[in-house]
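# got a predicted structure plus its sequence, pasted below:
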Amino acid sequence: GAVVSQHPSRVICKSGTSVKIECRSLDFQATTMFWYRQFPKQSLMLMATSNEGSKATYEQGVEKDKFLINHASLTLSTLTVTSAHPEDSSFYICSARAEEGRLGYGELFFGEGSRLTVL
Amino acid sequence: GNSVTQMEGPVTLSEEAFLTINCTYTATGYPSLFWYVQYPGEGLQLLLKATKADDKGSNKGFEATYRKETTSFHLEKGSVQVSDSAVYFCALSEQDNFNKFYFGSGTKLNVKP
């Protein structure tokens, strides 16, 4: 079946540095990917919709300059947390919708998530 | 606005016990409803879904019925196994924007032998 993979699964960084998280669709092309964030004991919250070849669409309250999203190819979207601070520590998870013409068309497949800890 | 509320965990059961994880939602229109499961170290996987009122989603012995009158989508399984230990997320997608998902906070299930 379709697999969406994230890397790294865990990252620890110092305050003020930038961290990049990759999201790849391994056996299907995804024109649209989604980035979520989860705080401890809270819901997954949609941060932004990543569109291949165009700018991402951010949800209300999400800082565009803080969370840079690039969807440079049909199989890769990246989320860069710029100038990270301890309050950015969270679990980030991406998803991609299977394209027409394959099994699971329309289903949303999720990556395994990336846990960011900012010291 | 749209939201999903599910029971807090962790839920600890013995093997072969009956499982219920409650989920209620608030939404405009007619959303689609989902249960996702996350095993340790893996991504969320679709467990089952229902797209309209009174639909029953089922998979791997799990069931959930879309109840519009009570705005609920409770997850049930008659006899849990140790391998069912995971985090379960209830979610909805908007009627007019199926790309936009709203998730509950997740319920961790621990099944003991």
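Thanks, I have the structure now.
# show me the contacts for B:Lys112.
B:Lys112 is in contact with B:12-15, B:82, counting by Cβ atoms under 8 Å, 6 or more residues apart in numbering or on different chains. C-beta: built from backbone N, CA, C; applies to glycine.
# tell me what it is bridged to.
Note on B:Lys112: beta-bridge partners by DSSP bridges are B:Ser14.
# find the nearest non-adjacent residue to B:Asn22, please.
Leaving aside its sequence neighbours, B:Asn22 sits nearest to B:Met7 (Cβ to Cβ, 6 or more residues apart in numbering or on different chains; 4.6 Å).
# same check, this time on B:Thr28
Leaving aside its sequence neighbours, B:Thr28 sits nearest to B:Asn2 (Cβ to Cβ, 6+ apart; 7.1 Å).
# for that neighbour, what are phi and psi?
Dihedral pair for B:Asn2: phi -90, psi 140, per degrees, to the nearest 10.
# okay, now it: neighbour count?
Each residue near B:Asn2 was counted by other Cβ atoms under 10 Å in any protein chain shown, and the total is 16.
# what sits against it?
By Cβ under 8 Å, 6+ apart, the contact set of B:Asn2 is B:25-28, B:31, B:92, B:94, B:102.
# dump those residues to JSON lines, plus neighbour count and pLDDT.
Compiled in JSON lines, the contacts of B:Asn2 are given as follows (neighbours: other Cβ atoms under 10 Å in any protein chain shown; pLDDT from 0 to 100):
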{"residue": "B:Tyr25", "neighbour count": "21", "pLDDT": "96"}
{"residue": "B:Thr26", "neighbour count": "13", "pLDDT": "95"}
{"residue": "B:Ala27", "neighbour count": "19", "pLDDT": "92"}
{"residue": "B:Thr28", "neighbour count": "10", "pLDDT": "85"}
{"residue": "B:Pro31", "neighbour count": "29", "pLDDT": "91"}
{"residue": "B:Leu92", "neighbour count": "24", "pLDDT": "92"}
{"residue": "B:Glu94", "neighbour count": "17", "pLDDT": "82"}
{"residue": "B:Tyr102", "neighbour count": "21", "pLDDT": "89"}
